[in-house]
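**Q** Below are the sequence and a predicted model; questions follow.
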Amino acid sequence: MAEAKVNAPPKARYRFFLNPHDEYAYTKCPKCGSKTKIRKFPLVIHIEPNQLLLLNKKCRFCSHCELVIARKSEIETFMVEAVEKRAPDLIGNDYLVVGTMDRKDWHESRSGKIDQATTVERLFVFQDVWKFKVIPGGWYREGEHPLERLERGEGPESVFPPKEKG
Ligand SMILES: [Zn+2]
């Protein structure tokens, strides 16, 4: 039996915002107001209880905040397509976009050259998950941003996928 080795702390990079508002494209960063760019990121999605999905996804990116913004509806459409034949029971389960991979590792994982455990070792979890609340129209006190309010989400480490057996 192989000895269980202690996992190194996951590598982290970027911040993440799962955009639930289809009507907001976030051409400007909701945090700093800079223009965002469209960039593809190899995203790693964890579906409860223990399924990893990889998705090379066009996202909005603020290079100043290193904030990746992905549309929730697009991620969920992809997830349904990815699991409906292989594991339809997973549809509707809790999920989390845990982080990104280097493109090379992403290709190797997609093509089956590396297994799920190695994929987990190579992924970069998000440094932080941000949520932005859209404040409904109205008038506001001085200093209160009229469009968005930032809430810090829970860090990604608490939902880091459990190690695969075998
Ligand atoms: Zn920004």
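**A** Thanks, I have the structure now. Numbering: from 1, shown residues only.
**Q** Val80 touches Leu90, doesn't it?
**A** No - in this structure, Val80 is not within contact of Leu90 by CB atoms under 8 Å, at 9.5 Å. C-beta here means a position set from N, CA and C on the backbone, and glycine is covered the same way.
**Q** Name the residue in these two with the higher neighbour count.
**A** Between Val80 and Leu90, counting by other CB atoms under 10 Å, Leu90 is the more crowded of the two (19 against 12).
**Q** May I have the phi/psi pair for the nearest residue to the more buried one once chain neighbours are set aside?
**A** Nearest non-adjacent residue to Leu90, counting by CB to CB, 6 or more residues apart in numbering: Val83, 4.7 Å away. Main-chain dihedrals, Val83, degrees, to the nearest 10: phi -110, psi -10.
**Q** and if you look at Ala117?
**A** Torsion angles, degrees, to the nearest 10, at Ala117: phi -60, psi -40.
**Q** Burial check on it, number of neighbours?
**A** Ala117: 14 neighbours (other CB under 10 Å).
**Q** Quick check, pLDDT for it.
**A** Note on Ala117: pLDDT of 87.
**Q** so where is the chain shaky, pLDDT-wise?
**A** 1-9, 136-148, 153-166 (pLDDT under 70).
**Q** Go ahead and flag the most central residue of it.
**A** Geometric centre of the chain, nearest residue: Val97, 2.9 Å, by CA atoms, centre = their mean.
**Q** what are the ranges of the strands in this structure?
**A** Listed in chain order, the strands of the chain (DSSP state E) span 11-12, 15-19, 37-47, 51-62, 67-71, 95-100, 124-125, 128-134, 148-152.
**Q** Please identify which of those strands is closest to Ala117.
**A** strand 51-62 (9.9 Å; CB to CB).
**Q** Much appreciated, bye for now.
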